[in-house]
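[1] return a 3D structure for these sequence lines:
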Amino acid sequence: MNILVTGANGQLGNEMRIISKNTDYNFVFTDVTTVEGVETTILDITDIEAVRSIVKEKGIDCIINCAAYTNVDKAESDVDFCRILNAVAPKNLATIMKEVNGLLVHVSTDYVFGGDPYNVPCKEDQKGTPTGVYGQTKLEGEQNIIATGCKHLIIRTAWLYSEFGKNFVKTMLNLTSTKPELKVVFDQAGTPTYAYDLAVAIKTMVDDYAKEISEENYSKTGIYHFSNEGVCSWFDFTKVIAEMAGNTGCDIQPCHSNEFPSPVKRPAYSVLDKTKIKETFGLRIPYWTESLKTCINNLKNN
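    Numbering: from 1, shown residues only. The predicted model follows:
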């Protein structure tokens, strides 16, 4: 099977590179920029003809879309570009996959929720109530994919971190090792997700699809939720990061979200119910502290 990965130089894209080494699939890793020493094919997914061309040239059977506009605050003032990347580009990918009867694996977000108050984990069929441009455009992207009628796996995830790029874990490792004190919000609850674990889940799903690749339809097409197991606040997350790293000199205190003014209201509770993905694909998902420990150890060793 020939698989094209978009956003290949981002957090999840880099984890897909690692995962790809243990498969028999042919991967084409694409992004809008190159990184020295890493093989990357330049592809602008907002250009549908460019997508059509590379899919035809490489005989692509499956696209894994790891590309997105993810700057939640900046999205509020950069609406047009955010929508092009998060809503229009996924439609382009879905349209081309429909043309070749291929599969689109698309990564979405817990930010499609948040407008309504609730305190139980969100299920896949729960109505989207995004509170900002980022969440709204990601929800539009999902809807655009479904509307094309292509075979698809839409995976909503949350609080993504890894050894690659900029993320909360790396930021807090730095801050808790250099600051005498730190305030972190405790009134937003969710679940951290190690990008490597998400990549493993995607491979499992793609392996399953390979059994039905010749079928006109894919029986497991739909929306799924994936994060690590468990629940915490950003404050709890930070406390565990500092403890695992041995950064004991920083006094970490809980605070309210309104102490950090932001152009967008973030979900107060966006824990994802993962029953469907576990039962459908037989996944065992690690508890969030297990995966965090792995990531921090990798960062220390490298």
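[2] model confidence at residue 261, what's the number?
    pLDDT recorded at residue 261 is 86.
[3] so it, which state does it fall into?
    coil (DSSP: H, G, I helix; E, B strand; the rest coil).
[4] what is the burial count for it?
    Residue 261 has 6 neighbours, counted by other C-beta atoms under 10 Å. The way it works is simple: take the backbone N, C-alpha and C, and place the C-beta from them, glycine included.
[5] which residues touch residue 185?
    233-235, 254-257, 259-260 (C-beta atoms under 8 Å, 6 or more residues apart in numbering).
[6] also residue 278?
    So residue 278 contacts 284-285 (C-beta under 8 Å, 6+ apart).
[7] can you rerun that using 7 Å?
    Taking C-beta atoms under 7 Å, 6 or more residues apart in numbering, we find residue 278 in contact with residue 285.
[8] going forward, count from 29.
    Let's use 29 as the start, then, which means that last one is residue 306.
[9] how near is it to residue 149?
    Note on residue 306: its distance to residue 149, by C-beta to C-beta, to the nearest Å, is 12 Å.
[10] any idea where the strands of the stretch 179-328 of the chain begin and end?
    179-185, 188-189, 209-213, 217-218, 221-222, 250-253, 260-261, 279-283 (DSSP state E, counting those that start in this stretch).
[11] pairing partners for the first one, with directions?
    The strands that strand 179-185 pairs with in its sheet are strand 131-137 (parallel), strand 250-253 (parallel) (by DSSP bridges).
[12] just the C-alphas of that strand, formatted as PDB.
    Extracted C-alpha coordinates of strand 179-185, given in PDB (Å, rounded to 0.1, in the frame of the first residue of the first chain):
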ATOM      1  CA  LYS A 179     -13.600   6.400   2.800                       C
ATOM      2  CA  HIS A 180     -12.400   8.100   6.000                       C
ATOM      3  CA  LEU A 181     -11.200   7.700   9.500                       C
ATOM      4  CA  ILE A 182     -11.500  11.000  11.400                       C
ATOM      5  CA  ILE A 183      -9.600  10.900  14.700                       C
ATOM      6  CA  ARG A 184     -10.200  13.600  17.300                       C
ATOM      7  CA  THR A 185      -7.300  13.900  19.800                       C
END
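[13] could you pull out the helices for the stretch 179-328 of the chain?
    196-206, 223-238, 262-273, 303-309, 316-329 (DSSP state H, counting those that start in this stretch).
[14] nearest to residue 127, out of those?
    helix 223-238 (17.6 Å; C-beta to C-beta).
[15] buried set for the closest one?
    Buried positions in helix 223-238, judged by neighbour count with 16 or more other C-beta atoms under 10 Å: 223-231, 233-234, 236-238.
[16] so where is this protein shaky, pLDDT-wise?
    Along the chain, the model assigns pLDDT under 70 to no residue.
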